[in-house]
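> Have a look; sequence and predicted model below, questions after that.
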Amino acid sequence: MTLSEPGVAVIPYVTARRGEEPELAAMLGFRPDGRGLCYLDEGPGDRDDQGVLWARCSQAREDGWPVGSPRWGLVHPSRQRETMEGLRCQVCIVSPASRIARGYLFLATRPQDAAPPDWPEGVLSWQPPLCLDCAAIAVERCSHLLKYGAVAIRARVPRLYGVLGTLYTTGADLRPVPVVVSDGAKDTPLPYKDHLLRPWFLASQLVRELRGVSVVDLEREISTARL
Ligand SMILES: [Zn+2]
C-alpha cells in the first residue's frame, strides 16, 4: 500500500525500507531427517505456529518504528506477519484493526478478470487489516486503490489460510534452490493444510481467507464514527 502525495507521505508500518535486506540463502539448509528446509542456526522465532519456516530480513528501526526510504510496493515479512497474525492495523500498528459486529476491516480491489459471483466471500488476502482512521487515509492516497477502486470489506471470520513465499527443492550441488515458477504462480498462496509442500516452503507473507464478508460503505462508517 502506497500512501503518498506530493510533499506528504504516510509510510505504512508494513512497508519495506531501504537498507533492510533479506538474509543470504547460504544460511538455508536441510533438516537432519532430510524432510524439509531449516536454517543452519535456526532459532525458535524462525517458524510460525504451523511450523513453516519464515524468510529472514533485517529491520531498520529507531525507537521501535521502521526508518529509511520506503520501498513502495514491497512489504517486510516480519512486519506483515506481525500485523496479519495479530489483526493490527497495517499502517499504524498501534491500533487494532477496526472491528464491529460485521467484522474486521480490510481494503481490497475488485479482481481485474471476472470475479466469482459471490466475490469477495472467501477471498484470500495478504493485505493486513486497518483501523478506521488509516483506512480513511488509504482510500484517499493509496495509488493502487485509487487506480483500481477501493472496496471496503468487513470479514467476521478472517481465517488463517497459509503463506505466500518460495518453494525450495534440492539443487545440483545438493543445496536448497528455489523452484522456478511462472509470474502468475508467485501470487498463489500455499495453504497450511498442504502438509506435503509445507516443509519445503520459505514464507514471506501470511494469508487469511475472508469469510462471513460484507462490502461496506467506508465513507458512511467514517462519518458515523466522527459524530
Ligand atoms: Zn491505523
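Happy to help now that I have it. Numbers count the residues shown, from 1 in each chain.

> Which strand runs longest in the chain?
In the chain, taking DSSP state E as the definition, the longest strand is strand 150-170.

> For this structure, give me the ranges with low pLDDT.
Under the criterion pLDDT under 70, the flagged ranges of the chain are 1-8.

> So what are the sheet partners of the helix or strand just after the longest strand of the chain and their directions?
As assigned by DSSP states H and E, the chain's next helix or strand after strand 150-170 is strand 176-178. Here the strand partners of strand 176-178, with direction, are listed using DSSP bridges: strand 150-170 (antiparallel).

> where do the helices sit along this protein?
Taking DSSP state H as the criterion, the chain carries its helices at 77-86, 132-141, 143-148, 218-226.

> So what's the gap between the shortest one and the chain middle?
Relative to the mean C-alpha coordinate of its chain, helix 143-148 is positioned 18 Å out (Cα atoms, centre = their mean, to the nearest Å).

> If you count neighbours, what's buried in it?
Neighbour counts over helix 143-148 (16 or more other Cβ atoms under 10 Å) mark 144-145 as buried. (C-beta placed from N, C-alpha, C; glycine too.)

> And the second one, by the same measure?
Applying a neighbour-count criterion of 16+ other Cβ under 10 Å, the buried positions in helix 132-141 are 132-139, 141.

> Kindly reformat these as TSV containing distance to residue 18.
Rendered in TSV, the data for the buried residues of helix 132-141 read as follows (distance: Cβ to Cβ, whole Å):
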residue	distance to residue 18
132	30
133	27
134	23
135	26
136	28
137	22
138	22
139	27
141	21
